[in-house]
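**Student:** Here is the input, now give the coordinates:
(one chain, ligands or ions: 1)
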Amino acid sequence: MTQTSQGPATRAALPILLTVDDDPAVSRAVARDLRRRYGQDNRVVRAGSGAEALEALNEIKLRGGRVAAVLADYRMPEMDGIEFLEQAMDLFPRARRALLTAYADTDAAIAAINVVDVDHYLLKPWEPPEEKLYPVVDEMIASYLAEPDPEVVETKVVGHRWSAPSFAAREFLARNAVPYRWFSVDEPEGTRLLQAAGVDGSTLPVVVPPDGTPLVAPSTTELAGAVGLSTTPATDFYDLVVVGGGPAGLGAAVYGASEGLRTLLVEREATGGQAGQSSRIENYLGFPDGVSGSQLTDRARRQAARFGAEILTTRDVTRLRVNGPARVVSFGDGSEVAAHAVVVATGVSYRALDAPGVADLSGRGVYYGSASTEAEDCAGRDVFIVGGANSAGQAAVFFSRVAGSVTLLVRGETLERSMSHYLVEQLRGIGNVSVRLCTVVDEVHGDGHLEALTLRHVPSRTSEKVGGSHLFVFIGAQPRTDWLDGVLARDEHGFLLTGPDLLVDRRRPRGWALDRDPWPLESSTPGVFVAGDVRADSVKRVASAVGEGAMAVTLVHRYLGTP
Ligand SMILES: Cc1cc2nc3c(=O)[nH]c(=O)nc-3n(C[C@H](O)[C@H](O)[C@H](O)COP(=O)(O)OP(=O)(O)OC[C@H]3O[C@@H](n4cnc5c(N)ncnc54)[C@H](O)[C@@H]3O)c2cc1C
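**Tutor:** From the prediction side, this is the model:
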């Protein structure tokens, strides 16, 4: 494809005029005349054959461009203009279409025009263009602009509504604050994108980043790389490596980098951690009207990056070891980075709901956390939320704004025991929220997606099957610290012990070689600090996690012997 009228990057957003002719001289002449009159407000693209033009259209579709008009020569070898326009219509149905014909072909062309939906035909040569070409193209552009295609410059995700991998891709992009547009495989634009990508849709999702290179069922690491998230460390040695990108890790990264430490933050999924999934945090200092968790943590991520912290996503730290003065962390693929000091801020993960059917329908109606990407789809539907703590209460408030009904399923006898007073009061004032106490989920049902739940009222031992399309699970969380077994001291639940908690009968932890006790937040390995929810006896709050992240950095400085 030869492209003319190229200009600055912003020109990519202009509507495109595409012309295709197998005669290079004619092709150049059309492009020249079009460029002269329309080059300011349009991009002119020319191709030398139908196949080449279709390839260009596929690329334009994948990059989210808009095609205002297509001018095709009638008589071309292999694929004539009519055939080409027919196929072009499949990809860009709103683009206006014109056929260029020689005088001798007029009758054949007119006959063909009646068969396919072509707006105009133009006789070659069209001199002077002011009389014979521009009036027609003016009309084509005006008619297109009266009803143009929406411009889609962001990443496009084509998937199936009830598919766990499609859900995972959307969730990943949302949690990493990557703008994207969702297209169901059943809708026409979804089908067009698949056609442009040259795939049949049997494997989904198909993700098309702004550069237009389609990815079929990408792994999160592939997806991260394609949308510009960093996945590989820039170097192999840092002052500080922070493991975990929740509030505690982000806090450590902001303070570490802003105080001059070469800081690497490694996050397994998406920065933000649990807080990033909270629909509204009402009690974080400085936000009298509350703030959504994703907004808060997205700002923190940008702040850390602005101070120079390097942030890796989709990298799982699987091992920590001591190598002399260095602390070495390994990734799932066996690669390693080393640092003078490490902050472990790996938080906690949701506990799984143990009931038949849940595993199968996970991501297809059953979700862990608030899954804000699902909000739109909950409109008017019956939503169930399992859990009695603040996180479940926040989710109930959030979904009540769109759902037909929200039912909170609580194992305990009262809500007050597990949920903050302000939330209980808020829920009481919402008409479409109801609470079922002493109730557990016995089973979930559905063919391909959630359709019903069997609920059991524990005291009366009665069960009931109720219809529902969405179930959000908030039933507590546990630290995932198995990878630190035998490396750092943990309590019986897997939380990491720090500072004075490590002293047993005033004796320092086994293997501790320094002539001092572990500092607060310091683990059983000197130079490895722990911050946030993963720390034994920590306060499970955003503010305390951020505070511990900051405090850990102060201790890192002390450990490194710097002020
Ligand atoms: C829905 C919900 C609502 C909440 N609402 C509030 C509220 O209103 N107010 C409040 O104060 N608190 C609230 N909380 C609690 C608060 O979010 C947590 O206390 C806080 O997020 C803890 O931060 P953290 O950084 O210690 O851990 P997390 O937020 O759990 O972050 C840990 C991060 O580490 C990553 N990680 C784990 N293991 C590894 C590994 N091996 N390698 C790399 N990365 C890893 C995880 O993917 C995660 O991103 C809420 C929690 C939830 C779930």
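
**Student:** what stretches of the protein score poorly on pLDDT?
**Tutor:** Applying pLDDT under 70 to the chain flags the ranges 1-12, 370-371, 562-563.

**Student:** Next, name the residue at the spatial heart of it.
**Tutor:** Centrality entry for the chain: nearest residue to the mean C-alpha point is residue 173, 0.6 Å, by CA atoms, centre = their mean.

**Student:** correct me, but that one touches residue 226?
**Tutor:** No - using CB atoms under 8 Å, residue 173 is not in contact with residue 226; the gap is 10.4 Å. To be clear about C-beta, it is placed using only N, CA and C from the backbone, and glycine gets the same treatment.

**Student:** And residue 227, its phi and psi?
**Tutor:** Phi and psi for residue 227, reported as degrees, to the nearest 10, are phi -100, psi 10.

**Student:** Count the neighbours of it for me.
**Tutor:** Residue 227 has 22 neighbouring residues, counting by other CB atoms under 10 Å.

**Student:** what's the closest non-adjacent residue to it?
**Tutor:** Nearest residue to residue 227 in three dimensions, chain neighbours excluded: residue 178, at 4.8 Å (CB to CB, 6 or more residues apart in numbering).

**Student:** May I have the phi/psi pair for the one you found?
**Tutor:** phi -100, psi 120.

**Student:** what residues are up against it?
**Tutor:** 155, 227-229 (CB atoms under 8 Å, 6 or more residues apart in numbering).

**Student:** can you check residue 445 too?
**Tutor:** So residue 445 contacts 357, 451-454, 465 (CB under 8 Å, 6+ apart).

**Student:** tell me which residues in stretch 448-460 are buried?
**Tutor:** Applying a neighbour-count criterion of 16 or more other CB atoms under 10 Å, one finds 449-450, 452-456 buried in stretch 448-460.

**Student:** What parts of the chain come near the ligand?
**Tutor:** Within the chain, the positions near the ligand by CB under 6 Å from any ligand atom are 243-249, 266-269, 273-275, 277-278, 281-283, 316-317, 345-348, 369-370, 390-391, 394, 480, 532-534, 540-543, 545.

**Student:** Of these, just the buried ones, PyMOL syntax please.
**Tutor:** Of these, the buried ones go into a single PyMOL selection, burial set by 16+ other CB under 10 Å:
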select buried, resi 243+244+245+246+247+248+249+266+267+268+269+273+274+275+277+278+281+282+317+345+346+347+348+369+370+390+391+394+532+533+534+541+542+545
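
**Student:** what about the longest helix in the chain?
**Tutor:** helix 542-560 (DSSP state H).

**Student:** how about it as PDB, C-alpha atoms only?
**Tutor:** Presented in PDB, the C-alpha positions along helix 542-560 are these (Å, rounded to 0.1, in the frame of the first residue of the first chain):
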ATOM      1  CA  VAL A 542      -5.700   1.400  53.000                       C
ATOM      2  CA  ALA A 543      -4.300   4.100  55.300                       C
ATOM      3  CA  SER A 544      -2.300   1.700  57.400                       C
ATOM      4  CA  ALA A 545      -0.900  -0.100  54.400                       C
ATOM      5  CA  VAL A 546       0.300   3.100  52.800                       C
ATOM      6  CA  GLY A 547       1.700   4.200  56.100                       C
ATOM      7  CA  GLU A 548       3.600   1.000  56.500                       C
ATOM      8  CA  GLY A 549       5.000   1.200  53.000                       C
ATOM      9  CA  ALA A 550       6.300   4.700  53.800                       C
ATOM     10  CA  MET A 551       7.700   3.500  57.200                       C
ATOM     11  CA  ALA A 552       9.400   0.500  55.600                       C
ATOM     12  CA  VAL A 553      11.400   2.900  53.300                       C
ATOM     13  CA  THR A 554      12.600   4.900  56.300                       C
ATOM     14  CA  LEU A 555      13.800   1.600  57.800                       C
ATOM     15  CA  VAL A 556      15.500   0.600  54.500                       C
ATOM     16  CA  HIS A 557      17.400   3.900  54.700                       C
ATOM     17  CA  ARG A 558      18.500   3.000  58.200                       C
ATOM     18  CA  TYR A 559      19.500  -0.400  57.100                       C
ATOM     19  CA  LEU A 560      21.600   0.900  54.200                       C
END
